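**Student:** Fold the stuff below for me.
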Amino acid sequence: MVRTLVLSGARSRTERELVRQWTESTYRDGRAQVVPDGARELAGALDAAAPDTTVVPVRVVWPPDERASSDDPSLSDLFSLSPRRRGVRHARARLRGWSADRARVVAGDAATLSDLRREGDQEVGSPEGSGFVAFVRRRATLACDRAERRLTGDRYKVPRLMAEQIVASTAVARRAADLARELGLTPDEVLAKTSDCLEEMAAVQSPPAIEAFRSVMSPLHRKAWDVDVDTSSLERLREQGRRRPLIFLPSHRSYADPLVLAEVLHAHDFPRNHVLGGDNLSFWPLGTLGRRAGIVFIRRSFGDDAIYKFAVREYLGHLLDKRFNLEWYIEGGRTRTGKLRPPKYGLLRYLVDAAAQLEPDSPGRDPLLVPVSLHYDQLHEVGALAAEQGGAGKKAEGLGWLAGYMRDQQRRIGSARVRFGEPLALRAALDEAGEGRSQLEKVAFRIAVGINRATPVTPTSVVTFALLGAGGRALTFEQVRAVVEPVRRLLERLPAIGDLGSDEALEDTLERLVSVGVAERFDGGPQAVWSIGPDRHHVAAFYRNGVLHHLLTRAVLEMALLTIVDADLPQREALEACWETALELRDLLKFDFFFSRKREYRDELLAELDRLAPDWKDLLGTPGGAAQMLGRAELLVAPRTLLPFVESQWVVATVLADQDGALEDRGPFLDACTGLGQQWWRQQRLHGADVVSRELFSTALRAAENRALLGADATPAARAAWRDEVAGVRDQLRRVAEREHALRSEVFDAPAQR
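**Tutor:** I've put the predicted structure just below:
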């Protein structure tokens, strides 16, 4: 009597012989039967077997040569990893001189036939028949995948048979029936359309496709940057990923972001992420190959397509339940300004709903959200991003665009820095956010704060911060250093800033900015001077904005202290007055920056006050105490940090105050803001040309919408009040700038010799 069914995935005569030999040596009692995994043969064997028969799936694996994880894949590696070769893989192995000794028979987890029938009944609603046979074949494939990973590593954990597994699930069928009633369709119609949507979006990963994708896409990033990774948190993340799915949520600065992150995770033996991206990048060959390497191309807009939304939710739920890792860019698109964009909540909502549908014991019920900072010394594509801020159209992606992008990426332009923020457990993050409409917003903002905290400060950011704050003047080397050095000391407690502590390092950063056209160097006078090049203010601002979130708390503190410089208040009242100013700025700029929760925000301000003036408790509330504390600052950073965003809001508020009725079409409105901004820049009424930014204007419109100033019921008085409020903050920032100039007059106005 047969006790064991060896379910064989062999695809060639050699592999069938290897499976036979393995079976005979493993089951010496002769009561094991090898069964091909074809549907007809398997159905007959299952029907004839007793309930206590053990089913063992096996597969023959031809492991590739040992190689460094960062090496380019070879063609033979791709063949050796192919899971469905139908004999061709063995033929190629023979051409390389491999013997059968190179092959390995791996066995997946065994199960009794009675257990399989019970689980098949639960999952597909049938313990027998063709549905049960298909269930067993899927289970065998997945079990052999897990066994094969013990040879190839976790980086080759790939999904199989996605659409079939999802549509065959009884739980999905129940939810499809509910949706069918809502839509007036039959359950079979909903499932059929769901299957079509899944076939459209689902990534069908395979090891050879992953390696081919890495090889084909490597010119888009490998020559442009050295990759600098903080590996301290990766080991803990990998361990956590063995128990629950990881949701990587990176900042989005470049088209190369998913490639850079994928290489980092591949090198540290993480399974391939399922990267959720827009279908604008699904053109050939990127779409064809990318879909087989883990990229999930989702429609940019779902509209009212309830079945497509249903398919997305079920797909995410399936990936979570099977503990596959996900990745998407919560900003919804690349930043045009160099700072994080406001998060999009759509995919986060689908993730939350998908996790909630899973069984309580599923590992996918509580995935781990991982903020990731991707930060670059320089980007080839910044020029195009900056041009869009002035109203230029976005170039459509396609084969010609891809060739041009690949050509640009062949020149080395510095380092790509990858940092991982503190992970958040989804369920705990939702609980802390509380019930209500703003729950997802609070979770998304915590992710953004995590990204910002993990983002390192780069020399490029600090030097552009210095040059853009000069009001259009060219600066000598000593003047640049006079701004850079206090900023460097202010930020030295943060993640690695890079080397700006020496004259050589500072000059090297300046010259790199000159070499890429961001800055200009003039040598025609007695001293060399540097300035931002013509029409390069938006490019320079892109790099500068990468450091502003690290200076935000100090900037707000400076503004708070300024409001009580001339006030005669006791310490407690002075402190509360500072806090009120900080809250007003937080409310005004909450769409431009990601502020911590209020209690954390107050603690951060007090910690910053301790750094500025350790004896502030003795000074605050005394005559001249606030002025004395401000005088201790080596550099007042508020104007350089906040003024561009306040002035962009001022432009929008001014145009809106002249608007009659509801704002129906935002396109012409933004055009009007761009026109007024460009006029004011030419009249030197704005801090810098980077204030004129459609992205900043769009953010200011969100602030206006939040104040109910865009609808037909918005009064002219309310719009004018917002304009005047913003103008008042702008005037305060201008006064801080004048105070800073006065404090630094000996540096910026006196002749300097190098």
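**Student:** Let me see the domain layout of the chain.
**Tutor:** Domain segmentation of the chain under automatic domain parsing yields 4-152, 204-303+315-454, 459-586+604-633, 639-748.
**Student:** Same list, those domains, but as CSV with mean neighbour count, distance to residue 187 and mean pLDDT please.
**Tutor:** In short, each C-beta sits where N, CA and C put it, glycine included. Output for those, formatted as CSV (neighbours: other C-beta atoms under 10 Å; distance: least, C-beta to C-beta, whole Å; pLDDT from 0 to 100):
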stretch, mean neighbour count, distance to residue 187, mean pLDDT
domain 4-152, 17, 12, 76
domain 204-303+315-454, 19, 17, 88
domain 459-586+604-633, 18, 49, 90
domain 639-748, 18, 41, 92
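**Student:** Of those, which is nearest residue 182?
**Tutor:** domain 204-303+315-454 (15.5 Å; C-beta to C-beta).
**Student:** Could you look up the SS state of residue 530?
**Tutor:** Under the three-state scheme (DSSP: H, G, I helix; E, B strand; the rest coil), residue 530 adopts strand.
**Student:** ok, so what distance separates it from residue 468?
**Tutor:** Here residue 530 is placed at a distance of 12 Å from residue 468 (C-beta to C-beta, to the nearest Å).
**Student:** And residue 569, by the same measure?
**Tutor:** Using C-beta to C-beta, we find residue 569 at a distance of 35 Å from residue 468.
**Student:** again with residue 308
**Tutor:** Separation of residue 308 from residue 468 (C-beta to C-beta): 44 Å.
**Student:** Enumerate every residue touching residue 708.
**Tutor:** By C-beta atoms under 8 Å, 6 or more residues apart in numbering, the residues touching residue 708 are 714, 718.
**Student:** Find the centremost residue of this protein, please.
**Tutor:** Geometric centre of the chain, nearest residue: residue 250, 1.8 Å, by C-alpha atoms, centre = their mean.
**Student:** Just confirm that one contacts residue 450, I think it does.
**Tutor:** No - the pair residue 250 / residue 450 is not scored as a contact, 11.0 Å apart, by C-beta atoms under 8 Å.
**Student:** any common contacting residues for those two?
**Tutor:** Here residue 250 and residue 450 have residue 371 as joint contacts, going by C-beta under 8 Å, 6+ apart.
**Student:** Which stretches in the stretch 651-754 of the chain count as helices?
**Tutor:** Remark: helices assigned in the stretch 651-754 of the chain by DSSP state H, counting those that start in this stretch are 666-682, 694-706, 716-743, 745-748.
**Student:** Let me have the ones you listed in JSON lines, extended by distance to residue 146.
**Tutor:** Below are these laid out as JSON lines (distance: least, C-beta to C-beta, whole Å):
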{"stretch": "helix 666-682", "distance to residue 146": "51"}
{"stretch": "helix 694-706", "distance to residue 146": "45"}
{"stretch": "helix 716-743", "distance to residue 146": "58"}
{"stretch": "helix 745-748", "distance to residue 146": "65"}
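**Student:** wait, which of those helices is closest to residue 578?
**Tutor:** Residue 578 sits nearest to helix 716-743 of all those, at 13.5 Å, using C-beta to C-beta.
**Student:** elements contacting that closest one?
**Tutor:** Here helix 716-743 is seen to pack against helix 537-563, helix 571-588, helix 638-657 when contacts are counted using 3 or more C-beta pairs under 8 Å, 6 or more residues apart in numbering; DSSP states H and E.
**Student:** Direction-wise, compare that helix with helix 537-563 and give the angle.
**Tutor:** 90 degrees (axes from the mean of the first three to the mean of the last three C-alpha atoms, to 10 degrees).
**Student:** the inter-axis angle of helix 716-743 versus helix 571-588?
**Tutor:** Using the same axes, to 10 degrees: helix 716-743 against helix 571-588 is 120 degrees.
**Student:** Ok, which of the helices and strands packed on helix 716-743 comes nearest residue 632?
**Tutor:** For the helices and strands packed on helix 716-743, the distance to residue 632 is smallest for helix 537-563, at 10.6 Å, taking C-beta to C-beta.
**Student:** chain center to the closest one, what's the gap?
**Tutor:** Put simply, helix 537-563 sits 23 Å off its chain's centre (C-alpha atoms, centre = their mean, to the nearest Å).
**Student:** by contact count, what packs against it?
**Tutor:** Here helix 537-563 touches helix 382-389, helix 459-468, helix 477-491, helix 571-588, helix 598-612, helix 625-632, helix 638-657, helix 716-743, going by 3+ C-beta pairs under 8 Å, 6+ apart.
**Student:** out of the ones you listed, nearest to residue 694?
**Tutor:** Closest approach to residue 694 among the helices and strands packed on helix 537-563 is made by helix 382-389 (5.6 Å; C-beta to C-beta).
**Student:** May I have that closest one as CSV, with CA atoms only?
**Tutor:** Extracted in CSV, the C-alpha atoms of helix 382-389 (Å, rounded to 0.1, in the frame of the first residue of the first chain):
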residue,chain,number,x,y,z
VAL,A,382,16.3,68.1,-11.3
GLY,A,383,16.5,70.6,-14.2
ALA,A,384,13.3,69.1,-15.8
LEU,A,385,11.6,69.0,-12.3
ALA,A,386,12.5,72.7,-11.7
ALA,A,387,11.2,73.7,-15.2
GLU,A,388,7.8,72.3,-14.3
GLN,A,389,7.7,74.7,-11.4
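**Student:** relative orientation of that helix and helix 666-682 in degrees?
**Tutor:** Using the same axes, to 10 degrees: helix 382-389 against helix 666-682 is 110 degrees.
**Student:** Any chance you could list what contacts helix 382-389?
**Tutor:** Contacts of helix 382-389 (C-beta under 8 Å, 6+ apart): 334-337, 379, 392, 394-395, 536, 538-539, 541-543, 690, 692-696.
**Student:** Excluding its own residues, what touches whichever helix or strand comes after that helix? List them.
**Tutor:** Next helix or strand after helix 382-389 toward the C-terminus (DSSP states H and E): helix 399-408. With C-beta under 8 Å, 6+ apart as the test, helix 399-408 has contacts from 219-220, 255, 283-284, 286, 380-381, 395.
**Student:** Downstream of helix 399-408, the next helix or strand is which one?
**Tutor:** strand 415-420.
**Student:** contact partners of that following strand?
**Tutor:** Taking C-beta under 8 Å, 6+ apart as the rule, strand 415-420 contacts 221, 224-230, 233-234, 237, 256, 260-261, 264, 370-377, 454-456, 458, 495.
**Student:** Could you tell me how far the residue sitting furthest away from the middle of the chain is located from residue 19?
**Tutor:** Of all residues in the chain, residue 1 has its C-alpha farthest from the mean position, at 56.6 Å, by C-alpha atoms, centre = their mean. To residue 19, residue 1 is 21 Å away according to C-beta to C-beta.
**Student:** Likewise for residue 398?
**Tutor:** According to C-beta to C-beta, residue 398 and residue 19 sit 47 Å apart.
**Student:** Also residue 584?
**Tutor:** 73 Å.
**Student:** Repeat that for residue 137.
**Tutor:** 16 Å.
**Student:** same thing with residue 173?
**Tutor:** Look at residue 173 and residue 19: by C-beta to C-beta, they are 36 Å apart.
**Student:** swap in residue 583?
**Tutor:** 71 Å.
**Student:** still on that earlier bit, would you mind giving the helices and strands packed on helix 716-743 as TSV with distance to residue 55 added?
**Tutor:** TSV is the format used below for these (distance: least, C-beta to C-beta, whole Å):
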stretch	distance to residue 55
helix 537-563	56
helix 571-588	61
helix 638-657	63
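**Student:** No more questions from me, cheers.
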